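S.K.: Any chance you could fold what I've pasted below:
(one chain, ligands or ions: 3)
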Amino acid sequence: MFDKSTWIKLPRNVLQGHGVLDDLSAAVDELYLSGEPFLVTSPTPERIAGDRIRAQFDGISSVSLDRASFESVERVVEQAREQNAGYLIALGGGKPIDVAKMASDRLDCGFVSVPTAASHDGIVSGRSSIPEGDTRHSVAADPPLAVVADTELLAEAPWELTTAGCADIISNYTAVKDWELAHRLKNVEYSEYAGALSQMTAEMLVQSADSIKPGLEESAWIVTKALVSSGVAMSIAGSSRPASGAEHLFSHQLDRIAPGRALHGHQVGVGSILTEYFHSGPRGEWTDIRDALSTMGAPTTADELGIDGETVIEALTTAHEIRDRYTILGDGVSEDAAIEAATITGVI
Ligand SMILES: NC(=O)C1=CN([C@@H]2O[C@H](COP(=O)(O)OP(=O)(O)OC[C@H]3O[C@@H](n4cnc5c(N)ncnc54)[C@H](O)[C@@H]3O)[C@@H](O)[C@H]2O)C=CC1
Ligand SMILES: O=C(CO)COP(=O)(O)O
Ligand SMILES: [Zn+2]
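M.R.: Numbers count the residues shown, from 1 in each chain. Ligands and ions are numbered 1, 2, ... in the order given. Next up is the predicted model:
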């Protein structure tokens, strides 16, 4: 008997382009939602674009969060319930979007993603990534019902947020290699389609490197397109595997040991140089990853991340412990091997 089945959840409306923030209410109307919206944001995005949302949703209630945590999720759930919200609008970088994503899951309602930074591929994915104590939960949640990515707004964001988005996409190269490895060695379920889409997204971004420059709105367009495509790959896979391998474990570990030093995308980019070295050795493709990152202005060294060498080695040797996800790190990299990899690649 043929007993395979799958359920792929994707956004219904994806609006991307100059000024589309002002089409948010039209995009929401198209979704046939009932009830009032509730805005989930953080201080800077609120300052930048809160008014443009309020102009479209008269009297909308809101909460502004300082960080992504399970407590923040609870706060949103409570306040949205008090307001009898019918759906959530998430405005900001990764943190408010992740919190709204998880809260909408708890509230059993939909949410709309309005990124103010093209900083990572969670803006469209069905995964929410929330730290808790010594670990990080990548929780399955529904993807946004709609994504409204205004390239005019995204192009005005600090340039490093865009280079972080580029690096998050470049890290797909090693994430897919780790996924294939886990499939071969541990029989982890692998989707050819999601793997190919994720890899192609990284390749297309690297091919467009010449058009990714500060001050060019086209850069925000290219990067956002890639982030959407990578998020779709995660939705198809039903896991973050196509876009998150050992380089992400390394970054999650840095978030624990050295919180707040560097952006998610920048950390996974440097992690990708290191884990590509483990995959393919000293003469392998880690130089291509390093060169692609450096062309786009993303960090390639510990110094550029603002993190010292010892912390990098600690994160690299303990990254395998953070979550039950088989990668090239196997059951751990020895300190000597970590120092050698980080030195040869010029990360430290
Ligand atoms: N769910 C998923 O699949 C994924 C989730 N993530 C998570 O997302 C988070 C990282 O996201 P980020 O966007 O890097 O962090 P973030 O939301 O903290 O934003 C970084 C900073 O940029 C500021 N910012 C945002 N838009 C701005 C603008 N237009 N102008 C000026 N400043 C602006 C924010 O206020 C914040 O200070 C992490 O918690 C990470 O784990 C990352 C990748 C994928
Ligand atoms: O950052 C992500 C993909 O780019 C999400 O990955 P995690 O599941 O590791 O949080
Ligand atoms: Zn990521």
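
S.K.: So residue 45 versus residue 75, what's the distance?
M.R.: Computed as CB to CB, to the nearest Å, the residue 45 to residue 75 distance reads 17 Å. For glycine as for every other residue, the C-beta is placed from the backbone atoms N, C-alpha and C.

S.K.: out of these two, which sits in the busier spot?
M.R.: The neighbour count for residue 45 versus residue 75, taken as other CB atoms under 10 Å, is higher for residue 45 (26 against 16).

S.K.: give me the number of residues near the residue nearest to residue 267 when sequence neighbours are not counted?
M.R.: Nearest residue to residue 267, sequence neighbours excluded (CB to CB, 6 or more residues apart in numbering): residue 251, at 3.7 Å. Other residues lying near residue 251 total 29 when counted by other CB under 10 Å.

S.K.: and what of residue 140?
M.R.: Residue 140, neighbours per other CB under 10 Å, totals 13.

S.K.: Help me confirm that residue 138 is found in a helix?
M.R.: No: judged by DSSP: H, G, I helix; E, B strand; the rest coil, residue 138 forms no part of a helix; its state is strand.

S.K.: Give the next helix or strand downstream of the lengthiest strand in the chain.
M.R.: As assigned by DSSP state E, the longest strand anywhere in the chain is strand 85-92. The first helix or strand that comes after strand 85-92 along the chain, using DSSP states H and E, is helix 94-107.

S.K.: Contacts only, for the closest residue to residue 309 other than its chain neighbours.
M.R.: Spatial nearest neighbour of residue 309, chain neighbours left out: residue 348 (3.7 Å); criterion: CB to CB, 6+ apart. Going by CB atoms under 8 Å, 6 or more residues apart in numbering, residue 348 touches 301, 302, 309, 312, 313, 339, 342.

S.K.: right, and the pair among those with maximum separation?
M.R.: Greatest spatial distance among those (CB to CB): 301 and 339, at 14.7 Å.

S.K.: got the residues of the stretch 201-348 of the chain near ligand 2?
M.R.: By CB under 6 Å from any ligand atom, the residues of the stretch 201-348 of the chain that approach ligand 2 are 240, 243, 244, 248.

S.K.: Could you do the stretch 1-150 of the chain as well?
M.R.: Of all the residues in the stretch 1-150 of the chain, those lying near ligand 2 are 120, 121, 122, 127, 129, 138, going by CB under 6 Å from any ligand atom.
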